[in-house]
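Visitor: Compute the structure for the input listed below.
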Amino acid sequence: MKKIVLTLLLTFSLLIPLSATDGTVNIIFSNGTVSYTDTQTFYEFDVLAYIDGGSGSNIFKNGMVYVEYDTMIFGSYLMTNSKASFTFKGPLAEKVGPVPLYQKLNQGNDSGSNKVAFSFEGHQDFQFYGSETYISNQSNSPDTIMTIKMEVKRTGTSTVIYPADIDKLNEIFTEYIDDNNLEIYDGISIASATETTYILYSDSGDPATPITLKEFAGGYDEGAVTLNWTTASESQNMGFILKRAVLDGGPLFYQVIASYLNNDDLLGAGTTAQENNYSFTDTRVRPGLTYSYMLEDVDYSNNVVQHAPLTVSIPENILFANADFRLEPVYPNPFNPAFTLPFELNRAMDVRINMYDISGRQVRTIANGHMQAGRYDTRVDASHLNSGIYFVRAVIGDQVLTQKVLLVK
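Guide: Okay, the predicted model is just below:
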């Protein structure tokens with residue numbers, strides 16, 4: 001790999017002039033997690049970067065992230081045996097339409113069997129690189145540039161680090177100035193590039209799976225998605241985490257929507273051979289979208305197991321639409337204590353929306369005035385009202401529309 005690095009840099013110098021630029025590339029390893037399948041164990045972590053002394057508008061043209069690993073834990077020759085991979089994140093994941101701005105270069109072992117390299121290169125014209133591809137120059141807010149996933153061979157505690165004995169260490173990262181100029185960053189800092197791994201196996205030698213998941217299902221009804229899952233058994237199960245991503249044809253970005261850390265309903269049963277049922281209702285969903293839900297369980301040693309994702313589509317549910325505006329049903333319904341009223345104006349219009357109780361008395365003004373064109377997701381807090389049936393009456397243009405909502409406390 002030392003020869004490969006030299007060849008890459010030499011190739012760049014033949015194509016584009018190289019000079020030195022101010023700024024030290026700082027590499028940080030973070031967010032290490034252990035995941036399991038039925039037969040494999042993986043260690044996964046993020047790689048973060050910021051440019052100390054940079055301009056604030058730095059753009060990577062080329063780079064290479066090295067990882068040195070413990071061969072007793074991970075085995076030897078991870079690249080040769082296809083036991084390691086990396087995924088672009090943040091600035092490196094940007095696209096021009098469907099076309100990625102960065103491509104993966106050859107990855108492989110260094111001269112020793114305990115080092116792997118993950119290389120990337122910007123391969124589009126400079127004009128396509130904007131602020132989304134800038135690399136932070138703030139140490140307190142580094143950018144996540146990739147996630148590295150490595151298959152584990154055996155139990156143990158060790159570290160993965162950015163090795164200091166790489167040939168031409170200070171020439172690994174280059175900055176994209178324009179289509180005719182590259183500059184080598186004047187240094188690289190590896191002080192923070194260390195990640196400690198904690199790998200657990202069961203006595204049988206198979207990966208430790210805190211739970212045996214029997215079923216994970218869900219569906220949409222009345223403005224919310226209800227998720228249900230059943231465990232056939234649990235071993236040192238601390239609790240569950242639910243994550244959600246929107247399926248829109250692009251990369252999936254899962255965000256935590258519920259956790260055992262702040263929801264007692266998601267606490268695990270510890271160690272048990274009995275069947276247990278769990279449930280969670282996601283009320284923060286929008287019509288017309290498709291969501292991917294990821295269930296994770298966490299054991300007493302904070303090892304995380306991810307299960308196969310579940311997809312749920314939310315119906316479009318158009319209440320009324322014409323050339324001037326579009327009104328969607330409120331959600332969730334029933335609600336407690338708030339609901340969202342989505343509508344979209346195609347032109348500036350007068351809008352009056354009020355809420356009435358079952359006797360016809362107005363209890364809340366939601367909107368009243370001249371509103372500009374655009375989409376509105378108006379949140380209505382009814383915490384001051386009693387449980388019961390209410391009506392939301394919308395007067396938009398010459399249309400009058402009424403929805404029935406149910407407050408359940």
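
Visitor: Now do Arg393: how many residues are near it, please.
Guide: Using other Cβ atoms under 10 Å, Arg393 has 15 other residues around it. (C-beta placed from N, C-alpha, C; glycine too.)

Visitor: Centre-most residue in this protein?
Guide: A centroid search over the chain (Cα atoms, centre = their mean) returns Phe253, at 3.0 Å, as the residue closest to the centre.

Visitor: Tell me the spatial nearest neighbour of that residue, not counting adjacent residues.
Guide: With sequence-adjacent residues excluded and distances taken as Cβ to Cβ, 6 or more residues apart in numbering, Phe253 is closest to Ala245, at 5.6 Å.

Visitor: wouldn't the one you found be in contact with Thr290 here?
Guide: No - using Cβ atoms under 8 Å, Ala245 is not in contact with Thr290; the gap is 9.8 Å.

Visitor: Looking at those two, which one has more neighbours?
Guide: Between Ala245 and Thr290, counted using other Cβ under 10 Å, the more crowded position is Ala245 (17 against 12).

Visitor: Which pLDDT does the model give that one?
Guide: At Ala245, the model reports a pLDDT of 93.

Visitor: same thing with Ser192?
Guide: In this prediction Ser192 is given a pLDDT of 89.

Visitor: OK, contacts around Ser136?
Guide: With contact set as Cβ atoms under 8 Å, 6 or more residues apart in numbering, Ser136 has these partners: Ala49, Tyr50, Ile51, Pro142, Asp143.

Visitor: rerun that using 10 Å as the cut-off
Guide: Neighbour list for Ser136: Asn26, Leu48, Ala49, Tyr50, Ile51, Gly54, Gly56, Asn58, Gly90, Pro91, Pro142, Asp143 [criterion: Cβ atoms under 10 Å, 6 or more residues apart in numbering].

Visitor: And for Leu227?
Guide: By Cβ under 10 Å, 6+ apart, Leu227 lies in contact with 216-219, 242, 244, 257-258, 278-282, 293, 295, 310, 312.

Visitor: Doesn't it belong to a strand?
Guide: Yes - residue state for Leu227 (DSSP: H, G, I helix; E, B strand; the rest coil) corresponds to a strand.

Visitor: what about stretch 35-43, start to end distance?
Guide: Across its full length, stretch 35-43 reaches 7 Å between end residues, using Cα to Cα, to the nearest Å.

Visitor: still on that earlier bit, was I right about the residue nearest to Phe253 contacting Val312?
Guide: No - using Cβ atoms under 10 Å, Ala245 makes no contact with Val312, being 11.5 Å away.

Visitor: Break the chain down into its domains, please.
Guide: Domain segmentation of the chain under automatic domain parsing yields 2-199, 211-313, 320-407.
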